[in-house]
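> kindly return the folded structure for what I paste below:
(5 chains, ligands or ions: 4)
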Amino acid sequence: AASLKEVINELSDNFAKKNASVKFIKNYGASGALAKQIENGAPSDVFISANLEWMDYLKKKNLADVASIATFTYNTLVFAGKTGKASSMQDLGKLERIAIGSPKSVPAGEYAMGAFKKAGIDKQLEKKLVMAKDVRESLMYAERGEVDGAFVYRTDALQAKQAKILFTVPQDLYPRVTYPMSLTVTGSKNRDAAAFFAYLHGDDARSVLTKYGFATK
Amino acid sequence: MRLSMKTAKSFGEFTLETDFTVEGQRVGIFGTSGSGKSTLVAILAGLVAPDRGEIVLDGVTLFSSDNRINLRPEQRRIAMVFQQHCLFPHLNVRNNLLYGYKRCPAEFRAVDFDILAAVLKLDGLLDRGVTNLSGGEKQRVALGRAILANPRLLLMDEPLSALDDTLRFQIIPYLKSVSEQFGIPYLFISHSLVEMRLMTDTVLAFEGGALVGQTTSEELARKRMGQSAVGYINLLELDGMTERHGMCVYCWKGGELLLSVGNRDTVSGLFELSSKDIILFKKHPEAISARNLLHCTVIGLFESASKLGVELKCSEGTLVAEIVPEAARELGIEQGSVVYAAVKASAFRRLATNGVTRAEPPCQ
Amino acid sequence: MRLSMKTAKSFGEFTLETDFTVEGQRVGIFGTSGSGKSTLVAILAGLVAPDRGEIVLDGVTLFSSDNRINLRPEQRRIAMVFQQHCLFPHLNVRNNLLYGYKRCPAEFRAVDFDILAAVLKLDGLLDRGVTNLSGGEKQRVALGRAILANPRLLLMDEPLSALDDTLRFQIIPYLKSVSEQFGIPYLFISHSLVEMRLMTDTVLAFEGGALVGQTTSEELARKRMGQSAVGYINLLELDGMTERHGMCVYCWKGGELLLSVGNRDTVSGLFELSSKDIILFKKHPEAISARNLLHCTVIGLFESASKLGVELKCSEGTLVAEIVPEAARELGIEQGSVVYAAVKASAFRRLATNGVTRAEPPCQ
Amino acid sequence: MTPLTPADYDAIRLSLQVSIAATLLSLPFGFAVAYLITFVQFRGKVLLEVLINLPLTMPPVVVGYFLLLLLGRHGWLGSLLDEVGIRLIFTLKAAVIASAVVGFPLLVRSVRIGMEGIDPQLINASRTLGARWPDTLMTVILPLSIPGLVAGSSLMFARSLGEFGATIIVAGNIPGVTQTIPLAIYEYAASPTGESMALSLCLVSVAISVIVLFLHETMAKKAARSD
Amino acid sequence: MTPLTPADYDAIRLSLQVSIAATLLSLPFGFAVAYLITFVQFRGKVLLEVLINLPLTMPPVVVGYFLLLLLGRHGWLGSLLDEVGIRLIFTLKAAVIASAVVGFPLLVRSVRIGMEGIDPQLINASRTLGARWPDTLMTVILPLSIPGLVAGSSLMFARSLGEFGATIIVAGNIPGVTQTIPLAIYEYAASPTGESMALSLCLVSVAISVIVLFLHETMAKKAARSD
Ligand SMILES: Nc1ncnc2c1ncn2[C@@H]1O[C@H](COP(=O)(O)OP(=O)(O)OP(=O)(O)O)[C@@H](O)[C@H]1O
Ligand SMILES: Nc1ncnc2c1ncn2[C@@H]1O[C@H](COP(=O)(O)OP(=O)(O)OP(=O)(O)O)[C@@H](O)[C@H]1O
Ligand SMILES: [Mg+2]
Ligand SMILES: [Mg+2]
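Residues are numbered from 1 along each chain as shown, chains lettered A, B, ... in the order given. Ligands and ions are numbered 1, 2, ... in the order given. As a prediction, this is how the structure comes out:
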């Protein structure tokens, strides 16, 4: 997933420093696009997805090495915007416009919608929502002040300059945001890929992830 | 019209230099192919800017490089019949014809559309598109379009070249009458000396981009008489037609004339007679096939190429005959001589004088 | 060439119906504007498919609706001089001229490029683009391009209409000589009877889409003599030029002739003489300005419009003179009569007979 | 093939609205700009050309981003409009603007090719017949540009029908309000189960463009006939 | 403005490679197709037209997806190529193909507008002078189509320079291998800190297109002069 770009860049650089023979070819894109690419023969060894759906898709198509599927990391949903606009889910009703990822295509948006429903404010917000293509776009709207705030991942919100995290969405309102990873069937036969995959499980990886704001537990 | 034009325009190696002042309603431009005639009229119309110089038409400066004047084409009200027609491909014949008419200030709109369409034989084509017209049809539309613009000056670039003689000699008198009736002066380009003589008074002759002569078309005709296939053309106004032995007898101010052309309805008209068709005798000739024998006095002589023009006076009429100098010596023809001029009845050619001409069955 | 064409083609209201067989190298097409001449040649060239019918050229079927034959234009080797020129705007004059030449099978390439360019006065323009050429220059390029294609048949749609007389009468003999020398037959469209007479033998006359006559151009000239401004044109081969009193004396098979045209270098040549320029006398006339007096016998008479053509025989030469019937009655001119024919020295007109003509200062 | 949902019908309607509006809106400007570039000499012509071609060179998302900068609440133009109570962003109007901007270079280029083919002597002829520049423009240049205009607007319409990147940024992806066909397709395609719905919408889009293509061909043929 | 990184230079080089290759590759096909549509009557002509215009009507991402289906391992063409050992997807070739497919309708349309303006009498003239169809095609139609070809290829080049949606799907977004300028911009823009880098690349892209525009204008002017 694109939101993992910085993390993966750092991790792969670190790994490459230790294993000079390994050369990385990284392909960042939407999880769905990546899954489709793998399905159509993209020569990839490791697949990291932003949601479980596309991992299942590859699993069903027998393209992911089932044994290797594991959780890479977790993320949390926050509401980011200019300070003072809102401090809890209940304040959202007072706002004019709220950006979320398109619920059908962006997991963060889907989670946000679920949270609204659970909090019983979905009807109230219906006309205020602006659906963005992805999390980064929602955040950009918030950054530029086009919306009062946006539901985004914590890791994204931390990189923002203008927008601040106003509140974290209570975890009981949405399922946990999970980034699964796996070796592909071809990747499982590649020793270097397996080594890197193991590295992703390690402490090194965990500390880098923490640095970027991901939750590792 | 009074037009003075002192301009220069170069295209690569070719340069057109003009420096003339011309007065009159009917001006001709004569010259070989590539001598700069089309360029001249394009400059006048404002389509090509001269490199330098000045153009003044009837006191109005159209162009002046010194005073930085360059009237736009639409300000000049100078319409043009383009050599390559340049019809609007998206308009039908009617709307091509009316293009300039609609844009002409109402007070100047004078030319009658229906008459024009009839003379140009376009009345059956008005709703046709122009792309598929025949060459001559296109040319007539181009001519009609320019005339209907009722311009202050009409420029015609070989407007009759694609037409058959019948049509051509029906259109010429119409053009003349339109010009006279509505006071539209014109510049007329043609390679035909006959058209030139019929259509124009003053003629500007060009050669390789330079003005080589400015003369009356009368003078030009006399000068070119020697080289021309048709010689000098005498124009005769004839009237009072009566029939005799199946031929037409007309009254001319120089006497009675027998003609084999004409038309029972045509009691009067303009006729042409080439200088070549007149033979001179010192004595009254006998048993001659020519039907007209005129008793004349020589009132003038002029030379052209190796020929001699003889100006004759027969009572009130004048004629020019053409002979070779040797004949003049031998016959002793000089100013004041009395001679007989023989002219065949078939030598005359009738020129229609009004726009709508009728079919012309011969007298008999 | 033997061409038979039995086709019909309609455009809306206009229908061109042809049904003729014509033989000969030099065929003319004559007719008023819009009579279907251009359509006819477009059909022949394969550019317009007739609605039905058959075209056979020299035994080869070019088109047959019954047998579903329609040879493609490039298979016909019929080159065309388009009325609207249709030059290739992206090629310069040289490459326009050479377009067909390059595509002509090597064994047929006969016409000499340099001579052609010189006769057409295009030698100075070869590297110019064609867009800015003058009207006459464009026409000459179109003509040259078609000739250089060395076609099996050459179609010329008013190829000389934009040219001045000097150029025109220099090009005509060249066209004739090319056609003779290399055996290229042609169809020639023109509104000019003079060109027709000079360029063609057989003539097809059209009127409103229908063939109204097929005749020799000799016949056409006789038929039209009465209506034509130039009458019937006698063509005379003259040679053995000598000078006398500053005039040229030529030998003609009918006797010695005095001419005021000619050229010291031209010891022989083809000259034209209009039937109008011959005056007949029953008795020897005295003191006459005409320099030539021929003693002739009348060998034939024909009528045209209201005029009478008189065929004369002077020793070995023949001439046609034109008189009115009344004159014939009065002079008692009939088959076998003996008459004097007076012809002015200035009545002759020299036609250049080879491609490259020299400047022609008059005899004196 | 999966049947269309009401939301899909909305998307189709919106797409048509946007494409038609964008095309019609751009036509006069496209004609004017093509005219300026083809026939008028002025300083800054190259700048104009570059400006018009910009949206073509940049990925649509970037174009959308710049439009957001321009039209957003704090944007140069957006803040002005905000004062008079007009908001463009996240409305269908923004989608129209996005489509218009992205398709404009295509329109202008088509019209220009057509205009450059007009025989300058025809323009000369109209002027000698008394037509001023605006008159010549409307009675000679415009009718002779019709093939170019037709071709250009068909390109533009098709491009609008497929426009995604810039639209989603400035108009958002709000079902029933700004969600056009491409945006709906995007949503469907994002989930493994939506594939067949995405395909259905694709086919609808293709069908529309086929119809428009036919209309344009017919129009072009009509314009080509002079009688 | 932030200075460019080596990866950015790679992206610029790749973008140029892709745009030039896509344009040059498409030119002969574009000319051939425009010729077929303009001058040849055949059954299935409408189908061809629809097919060519498809990539315009669909969002580039969808085009990319279809290309992936076609050229992928299990794709109709991809499996054939696989057998002879050619792999296209995730290579620069795929990016070239994506750009070519997306820009093709623009090219064809431009060339067609130019071709439709050719006086049919010129074609007639060339045939009476002995030229067969292919000869006329090369010596009359081709040279007179140059303005359309130039305009079309400049559209196509610009479009390729900005092509993102289809490219990222079939070629992936692999720095140094298939990451062209738009893809690099996308990556930069995805993170709030990359904005100024994205802008720098945008400017590079604009600069390239300005240069190309100039070249094309000069070429078009040269082609217009007949002598
Ligand atoms: N725009 C131009 N660029 C270059 N040369 C030109 C241009 N316009 C005209 N010429 C040249 O100038 C000369 C004069 O052209 P112009 O059209 O005025 O001749 P013309 O007297 O009308 O000839 P014609 O009787 O053949 O029509 C020609 O040799 C022509 O080729
Ligand atoms: N494609 C066409 N569609 C409709 N009418 C046509 C078409 N081509 C020719 N015509 C008409 O057919 C008639 C004959 O045309 P054509 O060009 O053969 O005449 P033409 O004898 O060459 O005349 P001109 O001497 O004026 O050139 C004209 O009235 C013309 O308008
Ligand atoms: Mg001219
Ligand atoms: Mg014709």
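
> residues near the spatially closest residue to A:Met55 that is not a sequence neighbour, how many?
In space, and not counting its chain neighbours, A:Met55 is closest to A:Pro180: 4.4 Å by Cβ to Cβ, 6 or more residues apart in numbering or on different chains. (C-beta placed from N, C-alpha, C; glycine too.) For A:Pro180, the count of nearby residues is 23 (other Cβ atoms under 10 Å in any protein chain shown).

> cool, A:Gly149 as well?
With other Cβ under 10 Å as criterion, A:Gly149 counts 28.

> which strand residues bridge it?
A:Gly81, A:Ile98 (DSSP bridges).

> which residues does it contact?
A:Phe79, A:Ala80, A:Gly81, A:Lys82, A:Lys85, A:Ala86, A:Leu95, A:Ile98, A:Ala99, A:Ala142, A:Ala163, A:Leu166 (Cβ atoms under 8 Å, 6 or more residues apart in numbering or on different chains).

> gap between the residue of the stretch 151-300 of chain B found nearest ligand 3 and C:Arg26?
Ligand 3 sits closest to B:Asp157 of the stretch 151-300 of chain B, with a gap of 5.7 Å, by Cβ to the ion. As judged by Cβ to Cβ, to the nearest Å, B:Asp157 and C:Arg26 stand 31 Å apart.

> who's more crowded, the two?
The residue with more neighbours, out of B:Asp157 and C:Arg26, is B:Asp157; 25 against 21, by other Cβ under 10 Å.

> just give the nearest non-adjacent residue to that one, would you?
With Cβ to Cβ, 6+ apart, the residue lying closest to B:Asp157 is B:Gln83, at 4.1 Å.

> looks like that neighbour contacts B:Val41 (just checking).
No. Judged on Cβ atoms under 8 Å, B:Gln83 makes no contact with B:Val41 at a distance of 9.0 Å.

> so what sits against both of the two?
Shared contacts of B:Gln83 and B:Val41, counting by Cβ under 8 Å, 6+ apart, come down to B:Asp157, B:Ile189.

> pLDDT-wise, what's the bottom of the contacts of A:Gly149?
pLDDT across those is lowest for A:Lys85, at 74.

> which residues does it contact?
A:Asp91, A:Leu95, A:Asp148, A:Gly149, A:Leu166.

> what's the neighbour count on the first one?
It refers to A:Asp91. Neighbours around A:Asp91, by other Cβ under 10 Å: 15.

> that one should be in a helix, yeah?
Yes. Assessed by DSSP: H, G, I helix; E, B strand; the rest coil, A:Asp91 belongs to a helix.

> tell me the SS of the closest residue to it other than its chain neighbours?
The shortest distance from A:Asp91 to any non-neighbouring residue, by Cβ to Cβ, 6+ apart, is to A:Lys85 (7.6 Å). Taking three-state DSSP as the rule, one finds A:Lys85 in the coil state.

> distance check, A:Lys85 against D:Val96.
30 Å.

> buried set for the one helix or strand B:Thr61 maps to?
Element membership of B:Thr61 [criterion: DSSP states H and E] is strand B:60-64. Residues of strand B:60-64 classed as buried by neighbour count (16 or more other Cβ atoms under 10 Å in any protein chain shown): B:Leu62, B:Phe63, B:Ser64.

> find the nearest non-adjacent residue to D:Ser26, please.
D:Ala100 (4.9 Å).

> who are the packing partners of the single longest helix found in chain D?
With secondary structure taken from DSSP state H, chain D has its longest helix at helix D:6-39. Under the contact definition 3 or more Cβ pairs under 8 Å, 6 or more residues apart in numbering or on different chains; DSSP states H and E, helix D:6-39 sits against helix D:45-57, helix D:92-116, helix D:142-162, helix D:181-190, helix D:195-224.
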